[in-house]
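**Student:** what would the 3D arrangement of this be:
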Amino acid sequence: MPASQQAHDLRMTLWELLTQHTLRPGDRLPSERQLLEHLNTTRITLREALSQLEAEGRIYRESRRGWFLSPPRLRYDLLAGLPFHEMVESQRRRAATELLEAHETAASATVARRLGMAEGTPVYRIVRARSIDGRRVLYVEHHLRVDCFPDILAFDLAACSLTELYRREYAIRVSRVSFELGSTGLGHRAASALHAAPGSPVQRITRINHDQNGRMVDCDDEYWRHDAIELTLSAAPQS
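**Tutor:** Here you go, the predicted model:
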């Protein structure tokens, strides 16, 4: 039997074993040694089966901690425009945010293009890690126009919704959002923040926010663990 077929068959057996093991979402799986002994297979075949379950979003891996059973996915409605904490808590989950970086820097070519400015123009860079039910699932890099949000770094950026801060302190309301969606691999900083291996697959969501006057005021790059979210979108077809 080809190795790929062995791994596929083992994946089904392994999943049945895990679902019968009374594991709850977020629980650690038995060690690879225990699984090898129970399933009577090779380490290569076991790891391929585990990788297939990971690709399906049924389990996830944390560096130096092992494998875990994935919790239910968060429903992420792109058109709802809900702040992270409100979106998570509306689905009866616990949300948390940690500030990793906040400083002024020069706009890269990519950021400058998104915000309609010259490369090297000063922007604020804010990096945050966001958790659901105690598990870090999102690494997000924000870049903000300095001229739109003077002194914003003085606020508590871990506790505040940026969208709410824009409205309350700067009278700036996000009226339109442009999205870019794609898949990518985690860089070293993002991987470290999410307790994942560099290169691990993630869902990338890039948002460019426009204010009530049509200005592009900020852009975000969100890197989600792919098992953590389910993207939804409802739109009426054009007649």
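
**Student:** low-confidence regions, this structure specifically.
**Tutor:** Applying pLDDT under 70 to the chain picks out residues 1-5, 235-239.

**Student:** mind checking the longest helix of it?
**Tutor:** Across the chain, the longest stretch assigned as helix under DSSP state H is helix 3-19.

**Student:** so after it, what's the next helix or strand?
**Tutor:** For helix 3-19, the following helix or strand on the C-terminal side (DSSP states H and E) is helix 32-39.

**Student:** same for that following helix, what does it pack against?
**Tutor:** helix 3-19, helix 43-55 (3 or more Cβ pairs under 8 Å, 6 or more residues apart in numbering; DSSP states H and E). Where you see a C-beta, it was placed from the backbone N, CA and C, and this is true even at glycine.

**Student:** and those, which is most packed in?
**Tutor:** Among the helices and strands packed on helix 32-39, helix 43-55 has the highest mean neighbour count (mean count of other Cβ atoms under 10 Å), at a mean of 17.

**Student:** tell me which residues of the next helix or strand after that helix come out buried.
**Tutor:** Per DSSP H and E, the first helix or strand lying C-terminal to helix 43-55 is strand 59-62. Buried residues in strand 59-62, counted by 16 or more other Cβ atoms under 10 Å: 59-61.

**Student:** so which of those comes closest to residue 12?
**Tutor:** residue 59 (13.8 Å; Cβ to Cβ).

**Student:** okay, now the nearest residue to residue 201 once chain neighbours are set aside: neighbour count?
**Tutor:** Residue nearest to residue 201 in three dimensions, not counting chain neighbours: residue 226, with 5.6 Å by Cβ to Cβ, 6 or more residues apart in numbering. Other residues within reach of residue 226, judged by other Cβ atoms under 10 Å, total 20.
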